[in-house]
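> Just need the structure, nothing else, for what follows:
(2 chains)
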Amino acid sequence: DGGITQSPKYLFRKEGQNVTLSCEQNLNHDAMYWYRQDPGQGLRLIYYSQIVNDFQKGDIAEGYSVSREKKESFPLTVTSAQKNPTAFYLCASSIGVGAASTDTQYFGPGTRLTVL
Amino acid sequence: AQSVAQPEDQVNVAEGNPLTVKCTYSVSGNPYLFWYVQYPNRGLQFLLKYITGDNLVKGSYGFEAEFNKSQTSFHLKKPSALVSDSALYFCAVRDRIGGTYKYIFGTGTRLKVLA
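As a prediction, the model looks like this:
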C-alpha cells in the first residue's frame, strides 16, 4: 500500500450523518483520487485532484465532497445526500496527470463504510 | 466510448499450471495499460504497465502481460500459478477524456488457484 494511508479502516454511519474519510500520502504526488468499489462493479471515480486547491468531479460525485488544502491530504466527506453509501472506498495518488506523464496510481488500504 | 472489459468474472487454475486473465480495451489514441491485484479488504497493488516498446511486459511476482494492438488486448499471464496468487485482478487504461487524464478500470476477475 506504499506511502498512502487511509483512516479509519472501518466506519459505521447512521442515516442522516455526514462522515469524513481521511487520505494522506507522503509520496510528494500532485494528483490524488477517490474511488468507490462495489462488488461486481469495479472501481468508480468519485473525485480527483491534480493540484492543491483544485479538484474535479468524477463519474459518481453526487452526495460526496472533497477538499485539497494540502498536497499530502485529500479527505472525502460522504454526506447524507448519498443514498447508498455502503461500499469500500479507495484513495489513490500519482505523480501527476500531465500529458507527458505515464505514471502509475498507488492505492491506500481502503476504508469500508457501512450505513446502519 | 473509452472502456475496459474483463470478460471472465472468475478464472480457476490448478497450482503449477499457466494462468491467463483476459483484458480488452477501447480507447482513442495510444493506450497506457495497467494491471493491479487486490487481496481481500486491501487496496490495489500495482503489478505492471504497458506504455510503449516491447509488447511483452514483465512485472511483479512473476507476472507478465502481452499487449496486442490488433486485438486491443492486454492479457495477464504467469507460467506457473501459485495458491498465493488467488486474488482479484483489475485491468485499467489511462485515457485522455476532455482536457484531463483518467484511469478506467475493468470490473475485475477473481483468480482462484487450486492446490
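> Now the host helix or strand of residue A:44: buried residues?
Using DSSP states H and E, the element containing residue A:44 is strand A:43-51. Within strand A:43-51, the residues that qualify as buried by neighbour count (16 or more other Cβ atoms under 10 Å in any protein chain shown) are A:43, A:45, A:46, A:47, A:48, A:49, A:50. C-beta: built from backbone N, CA, C; applies to glycine.
> Stretch A:10-17 too?
Quick answer for stretch A:10-17 (16+ other Cβ under 10 Å): A:11, A:13.
> Equivalent analysis for stretch B:44-52, please.
By 16+ other Cβ under 10 Å, the buried positions in stretch B:44-52 come out as B:44, B:45, B:46, B:47, B:48, B:49, B:50.
> Could you do stretch A:23-30 as well?
Within stretch A:23-30, judged by 16+ other Cβ under 10 Å, the buried ones are A:23, A:24, A:25, A:29, A:30.
> So for the third one, what's the pLDDT?
What the model reports for residue A:25 is a pLDDT of 97.
> same check, this time on the fourth one
Per-residue confidence at residue A:29 stands at 91 (pLDDT).
> So what's the residue count around the residue in chain B that chain A sits nearest to?
Nearest residue of chain B to chain A: residue B:43, at 3.7 Å (Cβ to the nearest Cβ). By other Cβ atoms under 10 Å in any protein chain shown, the residues close to residue B:43 number 22.
> In contact with the closest residue to it other than its chain neighbours, which residues are there?
Closest residue to residue B:43 apart from its sequence neighbours, by Cβ to Cβ, 6 or more residues apart in numbering or on different chains: residue A:107 at 3.7 Å. By Cβ atoms under 8 Å, 6 or more residues apart in numbering or on different chains, the contact list for residue A:107 reads A:1, A:2, A:4, A:90, A:91, A:92, B:36, B:43, B:44, B:45.
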